[in-house]
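> Sequence first, then the predicted structure, then my questions.
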Amino acid sequence: MVSRRARSYAIGDAVGAALVLSQPLSFWGGIDVETGRIIDHSHPDLGRSVTAAILVMPAGRGSSSSSSVFAESIRRGTGPAAIVLATSDPILTVGALVAHSLYGVSCPVVVCSIEGMATGDHLQVVASGDGEALVTVAPKSQRP
């Protein structure tokens with residue numbers, strides 16, 4: 001198990017299996033909010049579900065409308081349990097903050113090195129309000 005210090009942009013705690021994307025994903029036009037499936041036909045992970053996963057990706061990918069789609073996916077329970085990014089994304093952060101404020105549902109958004117994380121790894125994300133976060137990674141190969 002490896003723990004990484006991270007920067008917290010939206011608070012909350014989450015555990016789950018990692019879904020690691022090699023390319024950024026836009027929630028607007030990229031996710032089916034009713035199912036949580038990736039519907040962007042140009043994305044290499046087309047058809048995968050983000051629902052309840054710890055979504056790991058290099059960055060978010062615009063449009064500002066992604067904030068509302070992301071917040072709605074959190075409200076519906078079809079969004080990820082948390083998002084771990086290599087670089088900060090204000091659009092995803094706003095979506096998580098709105099979901100927490102309006103619906104009382106947290107989806108932590110944190111930034112740290114994502115190097116070495118793989119789909120299926122077990123991740124725990126703990127993101128506090130002081131900007132500090134911790135991401136604990138248990139590689140799939142080390143799980144019982």
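Yep, that arrived.

> what about the helices in this protein?
Ranges of helices in the chain, per DSSP state H, are 66-76, 90-103.

> so what pLDDT did the most centrally placed residue in the chain get?
Central residue check for the chain by CA atoms, centre = their mean: the C-alpha nearest the mean position is that of residue 83, 1.8 Å away. At residue 83, the pLDDT value in this model is 98.

> That one and residue 96 touch, don't they?
Yes: with contact defined as CB atoms under 8 Å, residue 83 counts as touching residue 96 (7.5 Å). All C-beta spots, glycine's among them, are computed from the backbone N, C-alpha and C.

> What ranges in the protein fall below the confidence cut-off?
Scanning the chain for pLDDT under 70 picks out the ranges 142-144.

> about what we covered before: please enumerate the shared neighbours of residue 83 and residue 96.
Listed as contacting both residue 83 and residue 96 by CB atoms under 8 Å, 6 or more residues apart in numbering are 107-109.

> Now do the contacts for residue 40.
Here residue 40 is in contact with 25-26, 29-31, 46 (CB under 8 Å, 6+ apart).

> Surely residue 139 and residue 121 touch.
Yes: using CB under 8 Å, residue 139 makes contact with residue 121 at a distance of 5.2 Å.

> Looking at the two, which has the bigger crowd around it?
residue 121 (22 against 15; other CB atoms under 10 Å).

> and stretch 114-121, which residues are buried?
Using 16 or more other CB atoms under 10 Å as the test for burial, stretch 114-121 gives 114, 117, 121.

> roughly how far apart are the second one and residue 55?
If you measure residue 117 against residue 55 using CB to CB, to the nearest Å, the figure is 11 Å.

> who touches both of those two?
Taking CB under 8 Å, 6+ apart as the contact rule, residue 117 and residue 55 both touch residue 84.

> What is the burial count for the residue nearest to residue 102 when sequence neighbours are not counted?
Nearest non-adjacent residue to residue 102, counting by CB to CB, 6 or more residues apart in numbering: residue 71, 7.2 Å away. By other CB under 10 Å, 26 other residues sit near residue 71.

> next one: residue 109
32.

> my read: it touches residue 94, true?
No: using CB under 8 Å, residue 109 is not in contact with residue 94, being 9.6 Å away.

> Thanks a lot, see you next time.
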